[in-house]
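[1] The following block contains a protein sequence and its predicted model.
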Amino acid sequence: RRAITIGADTGALIDAGAEVVVDFTVRDAAVRNLPAYADAGLHAVVGTTGLGADDLAAAADAYPADGPLGCVVAANFAIGAVLLMRFAELAAPWFETAEIIELHHDAKADAPSGTALATAQRMAEASGKWAPDPTRTETVPGARGALGPGGIRLHAVRLRGLVAHQEVLLGTEGQTLTLRHDSLDRVSFMPGVLLAVRSVPARPGLTVGLDPLLGL
């Protein structure tokens, strides 16, 4: 029988003989923790949302590509969600309009989700030809959602009973394409977490997203 040890600092991980640490805390804690993990000789797998470009740059500094340690940072560990982002990126050049709706449980603190932002960013990088928003008046401020990368609108829904869901709606003349992924249980994240944990020791430096681990 294995015991569960609860520790107050990184030293507990070292004492337990850990090789990889999985961080699903909050943005401020993750930013502080990563250099400490690296100093302790620990590979890191980070699923904390809200990390910006500066935070990723700091992670790359803590885990240099020519060093012995690896760090995987991913906005979403559900394999289906990773595939959805890739499919949306592939579809983007063939459509002129797109909007993203993300739906999460009512305890999620940030909006829009990291997955929605990452999806919009990848779509914007795949195509710079998005039609302008025709809306001139919002009867209720915010009705059109947030303006994301490339001008792609982002809509966040928070409801009890949900886990993590996302729709990408794309439209062009005479047709639309809807891509949707649903995590119905948090167990959906575990295959991606295990993939990252098993892969990170062989990937020195910073890896962003699960795509490289899946060969996408």
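    Good, I have the coordinates.

[2] From residue 131, how far out is the residue nearest the centre of the chain?
    For the chain, the residue nearest the mean C-alpha position is residue 75 (1.1 Å; Cα atoms, centre = their mean). Note on residue 75: its distance to residue 131, by Cβ to Cβ, to the nearest Å, is 26 Å. Any C-beta I mention is one placed from the backbone N, CA and C, and that applies to glycine too.

[3] This protein: helices as residue ranges?
    Taking DSSP state H, the helices of the chain run over residues 11-15, 27-39, 53-62, 79-91, 114-126, 190-199, 211-214.

[4] now these in JSON lines, with mean pLDDT, mean neighbour count and distance to residue 104?
    As requested, the helices of the chain are exported to JSON lines (pLDDT from 0 to 100; neighbours: other Cβ atoms under 10 Å; distance: least, Cβ to Cβ, whole Å):
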{"stretch": "helix 11-15", "mean pLDDT": "81", "mean neighbour count": "13", "distance to residue 104": "29"}
{"stretch": "helix 27-39", "mean pLDDT": "91", "mean neighbour count": "17", "distance to residue 104": "16"}
{"stretch": "helix 53-62", "mean pLDDT": "93", "mean neighbour count": "15", "distance to residue 104": "21"}
{"stretch": "helix 79-91", "mean pLDDT": "97", "mean neighbour count": "19", "distance to residue 104": "12"}
{"stretch": "helix 114-126", "mean pLDDT": "94", "mean neighbour count": "21", "distance to residue 104": "9"}
{"stretch": "helix 190-199", "mean pLDDT": "96", "mean neighbour count": "17", "distance to residue 104": "17"}
{"stretch": "helix 211-214", "mean pLDDT": "94", "mean neighbour count": "15", "distance to residue 104": "22"}
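
[5] Turn those into TSV, including distance to residue 142.
    Formatted as TSV, the entries for the helices of the chain read as follows, by distance: least, Cβ to Cβ, whole Å:
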stretch	distance to residue 142
helix 11-15	43
helix 27-39	23
helix 53-62	25
helix 79-91	23
helix 114-126	16
helix 190-199	32
helix 211-214	32
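
[6] which residues sit in contact with residue 51?
    Applying Cβ atoms under 8 Å, 6 or more residues apart in numbering, we find residue 51 in contact with 27, 30-31, 59, 73, 114.

[7] ditto for residue 206
    The contact partners of residue 206, by Cβ under 8 Å, 6+ apart, come to 56, 59-60, 63, 65, 70-71, 73.

[8] Can you tell me which of those residues is closest to residue 48?
    Proximity to residue 48 was ranked across the contacts of residue 206 by Cβ to Cβ; first place goes to residue 73, at 8.1 Å.

[9] number of nearby residues for that closest one?
    24 (other Cβ atoms under 10 Å).

[10] For it, name its beta-bridge partners.
    residue 46, residue 208 (DSSP bridges).

[11] Touching, residue 113 and residue 104? I think so.
    Yes - assessed by Cβ atoms under 8 Å, residue 113 is found in contact with residue 104 at 6.2 Å.

[12] Please enumerate the shared neighbours of these two.
    Residues touching both residue 113 and residue 104 comprise 156, 164, with contact defined as Cβ under 8 Å, 6+ apart.
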